[in-house]
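Participant: would you be able to build a 3D model of this:
(2 chains)
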Amino acid sequence: MMENEYFFLRNIHKALGLAPDNDRSKEQYPELFAAPDTRKILHRVRNRTAEERNELVELLRTNAQALGIHLHPAESEADAAAIVVEIIRSREPEFSHTKHVILHDHPDVAALQLWKRFTREAVTVHTTFSSDHELREKTIASFIGITAPAIGVAESATVIQLTRPGQPRSTSLVPSIHIALLRRDKLVADLEEAYTLLREEGRLDSMVFISGPSKTADIEAQMVHGAHGPREVHLIILPSSAGPPMAATGD
Amino acid sequence: MKTSSPSTYREAAVAGIDSAQLQKSLQGLQNRFGKGAMELWAGMADQEMRDRVKESRMKTFEHLDIVLAELAKNVRARGGQVHFAVTAQDAVNYTLAVAKKNEVKRVVKGKSMTSMEVDIDPALEQEGIEVVETDLGEYIIQLAGDRPSHIIAPCIHLNRNQIGRLFTDKLGIDFTEDPPTLTMAARKALREKLLTADMGLTGCNLACAETGMISLVSNEGNIRMATTMPRVVVALMGMERVVATMAEHRETLQLLTRGAALQKLSTYVSFLGGPASKDDPDGPREFHLVIIDNGRSRILADPEFREVLACIRCGACLNICPVYGKIGGHAYNSPYCGPIGAVVTPLLDGINKHADLCKGETLCGACKDICPVKNDLPRMLSALRHKLAYGSDRWNTRQHNPAEARAFRVWRLLVTRPFLYRTLIGLGRIVQRPFIGKEGTIRKMAGIAAGWTAGRDLPPVARRTFHQLWKEKYAGNRPTAPTIETPEEK
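Facilitator: Numbering: from 1, shown residues only, chains lettered A, B, ... in the order given. Below you'll find the predicted structure:
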């Protein structure tokens, strides 16, 4: 242990009235890191009926609207692709004159087959393959970033984006517009359910909870969208995946 | 932190009260967020949540050595580096060494009160490193060479016209008073800085020991940028800003964003605890967590004040405090203002040095009611006053005003001698006559008493005292009071 760490912890021992060279450990206090019993929550999340899922989508819709998120329910992948194409066509880049779009390397995003859609237009589509060394430049050049978050939370209109190989952090951050694709079965009711699923993930890399477009109210408390992050957020709800529910959680 | 002499507190308070702009902003802020938070707490389905979080905070403190060691272990397991800084200077030196080793030219900062507490900016700038605040409010403050006046709304004291002129001057844009246009100008200027910085420097809202990750909340996205785009990320963390488990993290986070801005969640909550993994195409190559004591262990050691460490820095108490609502944040002369600042600033930086802060608050109790973790700030303000009145070895505090203490000793002498007291009251009744104005109050006193009437009127000594009235009206026909028997007395 480094010297300053030793003195630091010794000061805490002193402050707590313990012997300075105390070596008490977490094993002596099992309740300190006790894991909550989440079986009930997991059972609830994994066994939602179609009707309950619809209710969650409705709750999400209400909360998303309040935060300025554009919510688009999609019947199919083709439907979702049409929505995305329409957004790309109707918006203009903020920081450049050319339309670049960057996509996460994720099956739900790949299913849109966007590269096929723009053969006659000046739209360049990039994918964030982890082997690509020019990703930073491509991300900065893009005006739209498309991701498929691991979890959606209806109560707070949040999407949870986990960092994974091929799914970098900047895709949902640096472009002016963020489009998130969420499968219905990835939507949970509240943060407690979301944290439970995150625990099931095991070891987590960095992650971010995103609830709406970037905003600030620093000038005379007037709300303005688009401070540093995306000024526009679209959330497209895809049908449940064909596989087992909550496939992303690994079971 | 700079010393707040009595005059700086008073002068800044008077300046705050005299500023129509500030009064309007503060009133708007308090009407919206102060009232809003109280309504939110009252309507919350889970009424035990606040007590539960407080309890878990206090439990964590009792085991802080274990929890911090676990946090350090798990951050290191992620490849992050952890430095324990006993003093502010230690934290500054370490951060500076990291910056030098990585040949950092530009640092982008996420909003961090702790970075202000340890005063890191001058140290970096002295090394020729450009330091850029990236929170819009903090950026405006930095451009203006000013100081923040609210924890979450740093430039609440500036209006759109002042900010418009500042941007014309510093960013070279055409003058405008339109907040969206001004925000877009800052967005453009700061994007360039954020994308090209070598180091991101942030605070830490809540670290989670179990996962070895810190979490940072922001609405603007500047903190995400500052922790994603630069090569090196350094996070400065007060040692009390830690929870043991994710379950505790969730509830504490929810109280933080609700207390701060009535949000179920802030727009972004970023979690990170190490450098980017091998397969991550972006994210920092180095991650450093600096855990800072800087006087906190002394607070931890004192059962009277330990509770204040449970504060989650949401700033809700600023949004309801009648004193902050009038004088604004500058009078507190500290990164931590409002009721929480009035308690924590003296404890971190010297009780004598910041003597005016605890005396300026009214002890009305609003801050305790609004506090998401129900911190008893009024109790601690009283305890600080006690230290100032009698001195304290533990806090290295000397009696603040010996003359006042002597005056109270004389007062005690008088009030415990009825004859002397009544004689003096009678005398006062005569002496005061020439000073009573048309409104029937004393508006101006002379000598050392002049200060008392500078901002208020003194009611004169009544023609007859309560004691005399009682004697005249009720003496002789005193009703017999019913005796109430309690079971224990039987």
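
Participant: close to chain B: what parts of the stretch 51-200 of chain A are there?
Facilitator: Neighbours of chain B within the stretch 51-200 of chain A, by CB under 8 Å from any CB of the partner chain: A:63, A:95, A:128, A:130, A:132, A:135-136, A:139-140, A:155-156, A:158, A:163, A:165-166, A:168-170, A:173-174, A:191-192, A:195, A:198-199. (Glycine included, C-beta is placed from N, CA and C.)

Participant: and those, which of them are buried?
Facilitator: Among these, the ones that count as buried by 16 or more other CB atoms under 10 Å in any protein chain shown are A:63, A:128, A:130, A:132, A:135-136, A:139-140, A:155-156, A:158, A:163, A:165-166, A:168-170, A:173-174, A:191-192, A:195, A:198-199.

Participant: and the closest residue to chain A within chain B, what are its phi and psi?
Facilitator: Residue nearest to chain A within chain B (CB to the nearest CB): residue B:221, separated by 2.6 Å. Dihedral angles phi and psi of residue B:221 (degrees, to the nearest 10) take the values phi 100, psi 0.

Participant: what about it, how many neighbours?
Facilitator: Residue B:221 sits with 30 neighbouring residues when counted by other CB atoms under 10 Å in any protein chain shown.

Participant: show me what contacts it?
Facilitator: With contact set as CB atoms under 8 Å, 6 or more residues apart in numbering or on different chains, residue B:221 has these partners: A:173, A:214, A:227-230, B:267-268.

Participant: before we move on, the earlier item: what about the buried ones among the residues of the stretch 51-200 of chain A next to chain B, which are in strands?
Facilitator: If you go by DSSP state E, these have residue A:158 in strands.

Participant: residue boundaries of the helices in the stretch 51-200 of chain B?
Facilitator: B:64-77, B:88-101, B:113-118, B:120-126, B:136-144, B:160-171, B:179-196 (DSSP state H, counting those that start in this stretch).

Participant: enumerate the positions of the fourth one that are buried.
Facilitator: Meaning helix B:120-126. For helix B:120-126, by 16+ other CB under 10 Å, it's B:120-121, B:123-124.

Participant: backbone phi and psi for the nearest residue to the residue of chain B closest to chain A once chain neighbours are set aside, please?
Facilitator: Ranked by CB to CB, 6 or more residues apart in numbering or on different chains and with sequence neighbours excluded, the top spatial neighbour of residue B:221 is residue A:229, at 2.6 Å. Dihedral pair for residue A:229: phi -90, psi -170, per degrees, to the nearest 10.

Participant: ok, residue A:229 to residue A:176 distance?
Facilitator: 9 Å (CB to CB, to the nearest Å).

Participant: between these two, who's got more neighbours?
Facilitator: More crowded of residue A:229 and residue A:176, by other CB under 10 Å: residue A:229, with 30 against 21.

Participant: show me the contacts for the more buried one.
Facilitator: A:173, A:178, A:213-214, B:220-221, B:224-225, B:267-268.

Participant: one more: residue B:146?
Facilitator: Contacts of residue B:146 by CB under 8 Å, 6+ apart are B:155, B:158.

Participant: any weak-confidence spans in chain A?
Facilitator: A:1, A:242-251 (pLDDT under 70).

Participant: for it, what spans make up the helices?
Facilitator: A:3-15, A:39-46, A:50-67, A:77-90, A:107-110, A:135-141, A:191-201 (DSSP state H).

Participant: in the longest one, what counts as buried?
Facilitator: Neighbour-count burial for helix A:50-67 flags A:53, A:56-57, A:59-61, A:63-64, A:67 (criterion: 16+ other CB under 10 Å).

Participant: to residue A:8, which of the helices of the stretch 51-200 of chain B lies closest?
Facilitator: helix B:64-77 (8.1 Å; CB to CB).

Participant: for residue 209, give me its contacts.
Facilitator: In the absence of a named chain, chain A is used. A:153, A:158-160, B:265, B:268-269.

Participant: nope, chain B please
Facilitator: Applying CB under 8 Å, 6+ apart, we find residue B:209 in contact with A:33, B:67-68, B:70-71, B:74, B:242-245.
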